[in-house]
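[1] Predicted model, plus sequence, below.
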Amino acid sequence: MTTPPNRREFLELTSASLLAASTIGSAHAAPKGANDKLVVGLIGCGGRGNHDAGLFRKTANVEVAYVSDVDDNRRAAAAKSFEIPSNRAVSDLRRMLDDKSVDAVCIATPDHWHSIAAILACEAGKHVYVEKPISHNIREGRLLVEASARNKTLVQHGTQSRSTSMMIDAVKLLRDGIIGNVMVAKCWNIQRRGSIGRGQDTAPPAGFDYDNWIGPATMIPYRTNRVHNRWTWWYHFGTGDMGNDGVHDIDYTRWGLGVDTHPTKIAALGGKFMYDDDQEFPDTQQVTFEYPGDGKPGNRKLFIYEQRLWSSNYPHNTDSGAEFYGTKGQMFLSRRGKIEVLSDRNQPVPVSVKPEAQNDAAHVQNFCDAIRTGAKLNANALTGHLSTSLCHLGNIATRLGRSLTFDPQKEQFVGDAEANTLVSREYRDHWAKPKNA
(Lines give C-alpha, C1' and ligand atoms only; values in the text may rest on other atoms or scores of the structure.)
Protein backbone atom coordinates (compact mmCIF):
# COMPACT_ATOMS: atom_id res chain seq x y z
CA MET A 1 0.00 0.00 0.00
CA THR A 2 1.35 3.42 -0.97
CA THR A 3 1.68 5.89 1.87
CA PRO A 4 -0.12 9.17 1.08
CA PRO A 5 2.18 12.21 0.92
CA ASN A 6 2.39 14.39 3.98
CA ARG A 7 1.49 18.09 3.79
CA ARG A 8 4.97 19.24 2.81
CA GLU A 9 5.34 16.54 0.17
CA PHE A 10 1.87 17.34 -1.19
CA LEU A 11 2.73 21.02 -1.49
CA GLU A 12 5.97 20.23 -3.28
CA LEU A 13 4.20 17.88 -5.71
CA THR A 14 1.51 20.47 -6.44
CA SER A 15 4.05 23.23 -7.04
CA ALA A 16 6.19 20.96 -9.19
CA SER A 17 3.30 20.08 -11.47
CA LEU A 18 2.47 23.74 -11.99
CA LEU A 19 6.07 24.56 -12.76
CA ALA A 20 6.28 21.79 -15.32
CA ALA A 21 3.08 22.95 -16.98
CA SER A 22 4.40 26.48 -17.29
CA THR A 23 7.70 25.47 -18.93
CA ILE A 24 9.41 27.44 -16.21
CA GLY A 25 10.89 24.28 -14.71
CA SER A 26 12.73 24.45 -11.43
CA ALA A 27 15.59 26.58 -12.73
CA HIS A 28 15.90 30.12 -11.50
CA ALA A 29 18.59 32.59 -10.52
CA ALA A 30 21.21 30.96 -8.32
CA PRO A 31 19.81 30.81 -4.79
CA LYS A 32 21.52 32.82 -2.09
CA GLY A 33 22.80 31.07 0.99
CA ALA A 34 20.27 30.05 3.59
CA ASN A 35 21.58 32.74 5.96
CA ASP A 36 22.35 35.47 3.42
CA LYS A 37 20.63 38.82 3.80
CA LEU A 38 17.97 39.65 1.23
CA VAL A 39 17.67 43.25 0.06
CA VAL A 40 14.11 44.17 -0.95
CA GLY A 41 12.59 47.27 -2.49
CA LEU A 42 8.95 48.35 -2.23
CA ILE A 43 7.14 49.66 -5.32
CA GLY A 44 3.85 51.29 -4.33
CA CYS A 45 3.60 52.83 -0.86
CA GLY A 46 -0.13 52.67 -0.17
CA GLY A 47 -1.76 50.68 2.60
CA ARG A 48 -1.12 47.24 1.12
CA GLY A 49 2.44 48.08 0.18
CA ASN A 50 3.24 49.24 3.71
CA HIS A 51 1.63 46.08 5.09
CA ASP A 52 3.74 43.84 2.85
CA ALA A 53 6.94 45.78 3.49
CA GLY A 54 6.30 45.42 7.21
CA LEU A 55 6.12 41.65 6.81
CA PHE A 56 9.37 41.58 4.86
CA ARG A 57 11.01 43.71 7.54
CA LYS A 58 9.90 41.26 10.24
CA THR A 59 11.31 38.31 8.27
CA ALA A 60 14.71 37.20 9.50
CA ASN A 61 17.69 38.72 7.69
CA VAL A 62 15.66 40.81 5.24
CA GLU A 63 16.35 44.49 4.67
CA VAL A 64 13.78 46.80 3.08
CA ALA A 65 16.24 49.16 1.43
CA TYR A 66 14.19 51.14 -1.12
CA VAL A 67 10.72 52.61 -1.48
CA SER A 68 9.25 53.94 -4.71
CA ASP A 69 6.05 55.86 -5.34
CA VAL A 70 4.97 58.67 -7.65
CA ASP A 71 3.15 60.37 -4.76
CA ASP A 72 5.66 62.48 -2.80
CA ASN A 73 3.66 62.29 0.43
CA ARG A 74 3.21 58.52 0.35
CA ARG A 75 6.84 57.96 -0.56
CA ALA A 76 8.07 60.23 2.25
CA ALA A 77 5.79 58.56 4.81
CA ALA A 78 7.00 55.09 3.81
CA ALA A 79 10.64 56.21 3.89
CA LYS A 80 10.15 57.54 7.41
CA SER A 81 8.32 54.41 8.56
CA PHE A 82 10.97 52.02 7.22
CA GLU A 83 13.96 54.29 7.93
CA ILE A 84 14.95 54.59 4.28
CA PRO A 85 17.54 57.26 3.39
CA SER A 86 16.38 59.97 0.99
CA ASN A 87 18.57 58.71 -1.88
CA ARG A 88 16.70 55.39 -1.76
CA ALA A 89 13.21 56.89 -1.66
CA VAL A 90 12.65 57.27 -5.39
CA SER A 91 9.82 58.32 -7.67
CA ASP A 92 11.21 56.38 -10.67
CA LEU A 93 11.28 52.64 -9.99
CA ARG A 94 14.07 52.20 -12.54
CA ARG A 95 16.56 53.64 -10.06
CA MET A 96 15.73 50.78 -7.71
CA LEU A 97 15.96 48.19 -10.46
CA ASP A 98 19.37 49.51 -11.56
CA ASP A 99 20.84 48.86 -8.11
CA LYS A 100 22.55 45.48 -8.23
CA SER A 101 22.40 45.15 -4.44
CA VAL A 102 18.61 44.74 -4.63
CA ASP A 103 17.62 41.06 -4.71
CA ALA A 104 13.84 41.39 -4.94
CA VAL A 105 10.98 43.84 -5.19
CA CYS A 106 7.51 43.88 -3.67
CA ILE A 107 4.94 45.40 -6.03
CA ALA A 108 1.76 46.90 -4.54
CA THR A 109 0.85 49.49 -7.15
CA PRO A 110 -2.53 49.96 -8.82
CA ASP A 111 -3.46 46.93 -10.94
CA HIS A 112 -2.42 48.42 -14.28
CA TRP A 113 1.21 48.51 -13.11
CA HIS A 114 1.37 45.00 -11.58
CA SER A 115 2.57 42.95 -14.54
CA ILE A 116 4.40 45.84 -16.13
CA ALA A 117 6.54 46.60 -13.07
CA ALA A 118 7.06 42.88 -12.49
CA ILE A 119 8.28 42.34 -16.07
CA LEU A 120 10.71 45.25 -15.72
CA ALA A 121 11.97 43.75 -12.46
CA CYS A 122 12.44 40.31 -14.03
CA GLU A 123 14.36 41.85 -16.92
CA ALA A 124 16.60 43.55 -14.34
CA GLY A 125 17.27 40.19 -12.68
CA LYS A 126 15.13 40.84 -9.58
CA HIS A 127 12.82 38.33 -7.95
CA VAL A 128 9.27 39.61 -7.57
CA TYR A 129 6.54 39.47 -4.93
CA VAL A 130 3.55 40.99 -6.72
CA GLU A 131 0.23 41.68 -5.10
CA LYS A 132 -3.00 40.36 -6.53
CA PRO A 133 -4.25 40.49 -9.17
CA ILE A 134 -1.11 39.55 -11.05
CA SER A 135 -2.24 41.46 -14.15
CA HIS A 136 -4.54 44.09 -15.54
CA ASN A 137 -5.39 41.87 -18.53
CA ILE A 138 -4.77 38.36 -19.83
CA ARG A 139 -1.99 39.27 -22.24
CA GLU A 140 0.11 41.06 -19.63
CA GLY A 141 -0.20 38.05 -17.33
CA ARG A 142 1.17 35.75 -20.03
CA LEU A 143 4.03 38.16 -20.73
CA LEU A 144 4.98 38.04 -17.04
CA VAL A 145 4.96 34.22 -17.03
CA GLU A 146 7.32 34.35 -20.00
CA ALA A 147 9.55 37.03 -18.42
CA SER A 148 9.92 34.96 -15.25
CA ALA A 149 10.96 31.90 -17.27
CA ARG A 150 13.24 33.82 -19.63
CA ASN A 151 15.14 35.56 -16.84
CA LYS A 152 15.03 32.67 -14.37
CA THR A 153 13.58 34.98 -11.75
CA LEU A 154 11.01 33.97 -9.15
CA VAL A 155 7.57 35.57 -9.14
CA GLN A 156 5.30 35.04 -6.13
CA HIS A 157 1.67 36.10 -6.56
CA GLY A 158 -0.08 37.64 -3.56
CA THR A 159 -2.73 34.97 -3.11
CA GLN A 160 -1.60 34.20 0.40
CA SER A 161 -3.93 31.24 0.98
CA ARG A 162 -1.42 29.16 -0.98
CA SER A 163 0.96 29.39 2.01
CA THR A 164 -1.71 28.94 4.70
CA SER A 165 -1.41 25.56 6.41
CA MET A 166 -5.16 25.07 6.76
CA MET A 167 -5.67 25.58 3.03
CA ILE A 168 -2.80 23.27 2.11
CA ASP A 169 -4.21 20.55 4.37
CA ALA A 170 -7.77 21.06 3.11
CA VAL A 171 -6.76 20.77 -0.55
CA LYS A 172 -4.82 17.62 0.26
CA LEU A 173 -8.01 16.15 1.76
CA LEU A 174 -9.82 16.94 -1.49
CA ARG A 175 -7.05 15.26 -3.49
CA ASP A 176 -7.24 12.23 -1.19
CA GLY A 177 -10.95 11.90 -2.02
CA ILE A 178 -12.62 12.92 1.23
CA ILE A 179 -15.71 13.99 -0.76
CA GLY A 180 -15.11 11.79 -3.78
CA ASN A 181 -14.64 13.22 -7.26
CA VAL A 182 -14.96 17.02 -7.03
CA MET A 183 -16.89 18.13 -10.09
CA VAL A 184 -18.40 21.49 -9.09
CA ALA A 185 -17.09 24.31 -6.90
CA LYS A 186 -18.61 27.64 -5.97
CA CYS A 187 -17.03 30.63 -4.27
CA TRP A 188 -18.39 33.98 -3.22
CA ASN A 189 -17.32 37.53 -2.48
CA ILE A 190 -20.17 39.19 -0.59
CA GLN A 191 -19.69 42.44 1.32
CA ARG A 192 -20.89 46.01 1.54
CA ARG A 193 -19.02 48.49 -0.62
CA GLY A 194 -19.87 52.18 -0.71
CA SER A 195 -20.56 54.40 -3.68
CA ILE A 196 -17.62 56.20 -5.32
CA GLY A 197 -19.95 59.05 -6.24
CA ARG A 198 -19.47 61.39 -9.17
CA GLY A 199 -16.01 62.84 -9.57
CA GLN A 200 -14.66 65.79 -11.50
CA ASP A 201 -11.82 66.03 -14.00
CA THR A 202 -9.22 68.40 -12.57
CA ALA A 203 -5.49 69.10 -12.63
CA PRO A 204 -3.46 66.55 -10.61
CA PRO A 205 -2.44 67.74 -7.12
CA ALA A 206 1.05 69.05 -6.48
CA GLY A 207 3.57 66.38 -5.57
CA PHE A 208 1.82 63.70 -7.58
CA ASP A 209 3.42 62.51 -10.84
CA TYR A 210 0.23 61.65 -12.68
CA ASP A 211 2.02 61.02 -15.97
CA ASN A 212 4.01 58.12 -14.51
CA TRP A 213 1.07 56.98 -12.38
CA ILE A 214 -0.73 56.43 -15.71
CA GLY A 215 2.42 54.74 -17.04
CA PRO A 216 2.09 53.11 -20.48
CA ALA A 217 -1.73 53.13 -20.37
CA THR A 218 -3.33 55.67 -22.68
CA MET A 219 -3.69 59.08 -21.07
CA ILE A 220 -7.03 60.12 -19.60
CA PRO A 221 -7.72 63.12 -17.35
CA TYR A 222 -7.05 63.07 -13.62
CA ARG A 223 -10.36 62.60 -11.83
CA THR A 224 -11.09 63.18 -8.18
CA ASN A 225 -12.53 59.69 -7.59
CA ARG A 226 -10.14 57.70 -9.75
CA VAL A 227 -6.82 57.73 -7.87
CA HIS A 228 -5.77 56.24 -4.51
CA ASN A 229 -8.10 53.38 -3.57
CA ARG A 230 -10.64 54.21 -6.29
CA TRP A 231 -8.79 52.99 -9.39
CA THR A 232 -10.10 49.45 -8.74
CA TRP A 233 -13.49 50.39 -10.19
CA TRP A 234 -12.28 51.76 -13.52
CA TYR A 235 -11.64 49.67 -16.65
CA HIS A 236 -8.55 51.72 -17.45
CA PHE A 237 -6.72 50.88 -14.23
CA GLY A 238 -8.47 48.14 -12.26
CA THR A 239 -10.08 44.73 -12.40
CA GLY A 240 -13.21 45.36 -10.33
CA ASP A 241 -13.84 43.54 -7.08
CA MET A 242 -13.61 40.20 -8.85
CA GLY A 243 -9.91 40.94 -9.30
CA ASN A 244 -9.56 42.88 -6.07
CA ASP A 245 -10.99 40.63 -3.32
CA GLY A 246 -12.66 37.90 -5.35
CA VAL A 247 -9.35 36.66 -6.77
CA HIS A 248 -8.40 35.28 -3.34
CA ASP A 249 -11.42 32.98 -3.25
CA ILE A 250 -11.16 32.23 -6.95
CA ASP A 251 -7.56 31.12 -6.45
CA TYR A 252 -8.10 28.58 -3.67
CA THR A 253 -11.31 27.39 -5.28
CA ARG A 254 -9.50 26.67 -8.53
CA TRP A 255 -6.79 24.94 -6.50
CA GLY A 256 -9.31 22.74 -4.71
CA LEU A 257 -11.19 21.96 -7.91
CA GLY A 258 -7.92 20.69 -9.36
CA VAL A 259 -7.88 22.57 -12.68
CA ASP A 260 -4.52 23.75 -14.01
CA THR A 261 -5.59 25.36 -17.26
CA HIS A 262 -8.03 27.99 -18.50
CA PRO A 263 -11.73 27.17 -18.89
CA THR A 264 -13.22 26.89 -22.37
CA LYS A 265 -16.67 28.38 -21.73
CA ILE A 266 -17.72 31.39 -19.68
CA ALA A 267 -21.28 32.51 -18.96
CA ALA A 268 -21.99 35.60 -16.87
CA LEU A 269 -24.77 37.91 -15.78
CA GLY A 270 -24.59 41.02 -13.66
CA GLY A 271 -23.90 44.71 -13.63
CA LYS A 272 -24.37 47.80 -11.47
CA PHE A 273 -27.42 46.97 -9.40
CA MET A 274 -26.89 49.23 -6.37
CA TYR A 275 -25.29 52.63 -6.92
CA ASP A 276 -25.73 55.21 -9.65
CA ASP A 277 -22.13 56.44 -9.62
CA ASP A 278 -19.00 56.54 -11.78
CA GLN A 279 -17.99 52.94 -11.09
CA GLU A 280 -17.56 50.95 -14.31
CA PHE A 281 -17.23 47.40 -12.97
CA PRO A 282 -20.24 45.42 -11.71
CA ASP A 283 -21.29 45.28 -8.07
CA THR A 284 -23.31 42.12 -8.78
CA GLN A 285 -22.06 39.09 -10.73
CA GLN A 286 -22.87 35.43 -11.33
CA VAL A 287 -20.18 33.79 -13.44
CA THR A 288 -19.85 30.15 -14.46
CA PHE A 289 -16.75 28.59 -16.01
CA GLU A 290 -16.67 25.18 -17.68
CA TYR A 291 -13.59 22.97 -17.83
CA PRO A 292 -14.23 20.16 -20.32
CA GLY A 293 -11.34 17.88 -19.34
CA ASP A 294 -11.29 15.10 -21.90
CA GLY A 295 -15.03 15.52 -22.40
CA LYS A 296 -15.92 12.22 -20.76
CA PRO A 297 -18.39 11.92 -17.88
CA GLY A 298 -16.62 12.36 -14.57
CA ASN A 299 -13.90 14.58 -16.00
CA ARG A 300 -15.83 17.78 -16.72
CA LYS A 301 -15.92 20.48 -14.06
CA LEU A 302 -17.90 23.63 -13.31
CA PHE A 303 -16.65 26.65 -11.35
CA ILE A 304 -19.18 29.24 -10.12
CA TYR A 305 -18.38 32.72 -8.79
CA GLU A 306 -20.93 34.89 -6.97
CA GLN A 307 -20.50 38.55 -6.04
CA ARG A 308 -22.75 41.00 -4.22
CA LEU A 309 -21.18 44.22 -3.00
CA TRP A 310 -24.29 45.54 -1.27
CA SER A 311 -25.03 42.80 1.24
CA SER A 312 -23.78 41.32 4.49
CA ASN A 313 -25.98 38.21 4.29
CA TYR A 314 -23.66 35.45 3.16
CA PRO A 315 -23.39 31.64 3.34
CA HIS A 316 -21.92 30.13 6.51
CA ASN A 317 -21.85 33.64 8.01
CA THR A 318 -18.68 34.21 5.98
CA ASP A 319 -18.12 36.97 3.44
CA SER A 320 -15.36 35.08 1.64
CA GLY A 321 -15.68 31.35 1.09
CA ALA A 322 -16.08 28.35 -1.16
CA GLU A 323 -18.02 25.10 -1.35
CA PHE A 324 -16.74 22.02 -3.15
CA TYR A 325 -19.30 19.45 -4.32
CA GLY A 326 -18.09 15.90 -4.77
CA THR A 327 -19.68 12.55 -5.51
CA LYS A 328 -19.36 11.56 -1.83
CA GLY A 329 -19.93 14.81 0.01
CA GLN A 330 -19.26 18.51 0.32
CA MET A 331 -16.56 20.77 1.79
CA PHE A 332 -16.93 24.37 2.92
CA LEU A 333 -13.66 26.28 3.10
CA SER A 334 -12.82 29.91 3.85
CA ARG A 335 -9.64 31.93 4.09
CA ARG A 336 -11.19 33.35 7.26
CA GLY A 337 -10.07 30.13 8.94
CA LYS A 338 -13.15 27.92 8.53
CA ILE A 339 -13.60 24.38 7.26
CA GLU A 340 -16.53 21.96 7.36
CA VAL A 341 -16.99 18.61 5.63
CA LEU A 342 -20.29 16.79 5.10
CA SER A 343 -20.89 13.27 3.87
CA ASP A 344 -23.20 12.45 0.96
CA ARG A 345 -25.96 12.17 3.58
CA ASN A 346 -25.20 15.65 4.93
CA GLN A 347 -23.66 14.26 8.10
CA PRO A 348 -20.63 16.06 9.60
CA VAL A 349 -17.28 14.42 8.84
CA PRO A 350 -14.56 15.14 11.42
CA VAL A 351 -11.26 16.38 10.00
CA SER A 352 -7.93 16.96 11.72
CA VAL A 353 -7.28 20.32 10.09
CA LYS A 354 -6.35 23.21 12.36
CA PRO A 355 -8.34 26.36 11.51
CA GLU A 356 -6.10 29.19 10.33
CA ALA A 357 -6.89 32.50 8.68
CA GLN A 358 -5.00 33.65 5.60
CA ASN A 359 -1.33 33.72 6.59
CA ASP A 360 0.37 36.64 4.85
CA ALA A 361 3.62 36.25 6.79
CA ALA A 362 4.00 32.60 5.72
CA HIS A 363 3.65 33.66 2.08
CA VAL A 364 6.46 36.20 2.41
CA GLN A 365 8.58 33.58 4.21
CA ASN A 366 8.01 31.08 1.40
CA PHE A 367 9.17 33.67 -1.13
CA CYS A 368 12.32 34.41 0.86
CA ASP A 369 13.02 30.69 1.33
CA ALA A 370 12.67 30.13 -2.42
CA ILE A 371 15.25 32.81 -3.14
CA ARG A 372 17.67 31.59 -0.49
CA THR A 373 17.39 27.83 -0.77
CA GLY A 374 15.63 27.02 -4.03
CA ALA A 375 12.46 25.93 -2.22
CA LYS A 376 9.36 25.73 -4.41
CA LEU A 377 7.19 28.80 -4.60
CA ASN A 378 3.63 28.34 -3.42
CA ALA A 379 2.10 30.77 -5.95
CA ASN A 380 4.34 31.20 -8.98
CA ALA A 381 3.64 33.34 -12.03
CA LEU A 382 1.60 30.68 -13.82
CA THR A 383 -0.51 30.02 -10.73
CA GLY A 384 -1.26 33.73 -10.50
CA HIS A 385 -1.94 34.01 -14.21
CA LEU A 386 -4.44 31.16 -14.31
CA SER A 387 -6.37 32.43 -11.28
CA THR A 388 -6.32 36.10 -12.26
CA SER A 389 -7.37 35.25 -15.83
CA LEU A 390 -10.63 33.88 -14.41
CA CYS A 391 -11.33 37.40 -13.13
CA HIS A 392 -10.59 38.86 -16.55
CA LEU A 393 -12.72 36.25 -18.32
CA GLY A 394 -15.62 36.77 -15.93
CA ASN A 395 -15.43 40.55 -16.21
CA ILE A 396 -15.28 40.44 -20.00
CA ALA A 397 -18.32 38.13 -20.23
CA THR A 398 -20.25 40.34 -17.79
CA ARG A 399 -19.26 43.51 -19.64
CA LEU A 400 -20.26 42.14 -23.05
CA GLY A 401 -23.41 40.46 -21.75
CA ARG A 402 -22.94 37.16 -23.54
CA SER A 403 -21.47 33.71 -23.17
CA LEU A 404 -17.97 33.23 -24.53
CA THR A 405 -15.80 30.36 -25.77
CA PHE A 406 -12.09 30.55 -24.96
CA ASP A 407 -9.10 28.74 -26.41
CA PRO A 408 -6.79 27.93 -23.44
CA GLN A 409 -3.73 27.37 -25.61
CA LYS A 410 -4.01 30.48 -27.77
CA GLU A 411 -5.50 32.56 -24.94
CA GLN A 412 -8.00 34.01 -27.37
CA PHE A 413 -11.78 33.96 -27.62
CA VAL A 414 -13.20 31.82 -30.40
CA GLY A 415 -15.10 33.72 -33.07
CA ASP A 416 -15.49 36.94 -31.07
CA ALA A 417 -13.34 39.84 -32.27
CA GLU A 418 -14.85 42.29 -29.79
CA ALA A 419 -14.00 40.06 -26.83
CA ASN A 420 -10.45 39.61 -28.13
CA THR A 421 -9.86 43.36 -28.03
CA LEU A 422 -10.23 43.05 -24.23
CA VAL A 423 -7.57 40.34 -23.89
CA SER A 424 -4.97 43.10 -24.02
CA ARG A 425 -5.15 46.90 -24.00
CA GLU A 426 -4.00 49.97 -25.91
CA TYR A 427 -0.72 51.62 -24.88
CA ARG A 428 0.91 54.98 -25.37
CA ASP A 429 4.58 55.68 -25.96
CA HIS A 430 6.14 55.28 -22.50
CA TRP A 431 9.37 53.75 -21.20
CA ALA A 432 7.45 50.98 -19.40
CA LYS A 433 5.39 49.82 -22.39
CA PRO A 434 5.75 46.00 -22.48
CA LYS A 435 7.22 44.40 -25.57
CA ASN A 436 4.96 42.12 -27.64
CA ALA A 437 1.85 43.19 -25.72
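    Cool, the structure landed. Residues are numbered from 1 along each chain as shown.
[2] drop to CA atoms for contacts and neighbour counts, all remaining ones
    Noted.
[3] need the contact list for residue 128.
    Contact partners of residue 128, counting by C-alpha atoms under 8 Å, 6 or more residues apart in numbering, are 104-107, 118, 121-122, 153-156.
[4] ok, now how distant is it from residue 114?
    From residue 128 across to residue 114, the span is 10 Å (C-alpha to C-alpha, to the nearest Å).
[5] Now do the shared contacts for the two.
    Going by C-alpha under 8 Å, 6+ apart, residues that sit against residue 128 and also against residue 114 are residue 107.
[6] can you pull out the strands in the stretch 201-350 of the chain?
    265-271, 284-291, 301-308, 320-326, 329-334, 338-343 (DSSP state E, counting those that start in this stretch).
[7] By neighbour count, which bits of the first one are buried? Give me those.
    By that I understand strand 265-271. In terms of neighbour count (16 or more other C-alpha atoms under 10 Å), strand 265-271 has its buried residues at 265-271.
[8] Pick the one among those closest to residue 253.
    Distance to residue 253, by C-alpha to C-alpha, is smallest for residue 266 among the buried residues of strand 265-271, at 16.3 Å.
[9] Give me the nearest residue to that closest one, chain neighbours excluded.
    Excluding the flanking residues, the one nearest residue 266 by C-alpha to C-alpha, 6 or more residues apart in numbering is residue 289, at 4.7 Å.
[10] Just list the residues touching the one you found, thanks.
    Counting by C-alpha under 8 Å, 6+ apart, residue 289 touches 263-267, 302-304.
[11] picking that back up, nearest to residue 85, out of the buried residues of strand 265-271: which one, please.
    For these, the residue nearest residue 85 by C-alpha to C-alpha is residue 271; the value is 46.5 Å.
[12] my guess is that closest one contacts residue 396, does it?
    No: counting by C-alpha atoms under 8 Å, residue 271 does not reach residue 396; the two are 11.5 Å apart.
[13] so residue 73, which of the three states?
    With DSSP: H, G, I helix; E, B strand; the rest coil as the basis, residue 73 sits in helix.
[14] any idea how far residue 121 is from residue 193?
    To residue 121, residue 193 is 34 Å away according to C-alpha to C-alpha.
[15] So these two - more neighbours on which side?
    When neighbours are counted by other C-alpha atoms under 10 Å, residue 193 and residue 121 differ, and residue 121 comes out ahead with 28 against 14.
[16] For that one, what is the enclosing helix or strand?
    Secondary structure assignment for residue 121, by DSSP states H and E: helix 111-123.
[17] Need the mean per-residue confidence for the helix or strand following that helix.
    Sequence-wise, the next helix or strand downstream of helix 111-123 (DSSP H and E) is strand 127-130. Averaged across strand 127-130, the pLDDT comes to 99.
[18] Pull out the buried positions in the very next helix or strand once past strand 127-130.
    Following strand 127-130 in sequence order, the next helix or strand is helix 138-151 (DSSP H and E). Neighbour-count burial for helix 138-151, counted by 16+ other C-alpha under 10 Å, picks out 138-149, 151.
[19] what packs against the helix or strand following helix 138-151?
    Using DSSP H and E, the helix or strand that follows helix 138-151 in sequence is strand 155-157. If contacts are counted by 3 or more C-alpha pairs under 8 Å, 6 or more residues apart in numbering; DSSP states H and E, strand 155-157 sits against strand 127-130, helix 381-400.
[20] Residue 147 and residue 123, how far apart?
    7 Å.
[21] Got the domain ranges for this structure?
    As assigned by automatic domain parsing, the chain contains the domains 7-162+362-380, 165-196+230-356+388-413.
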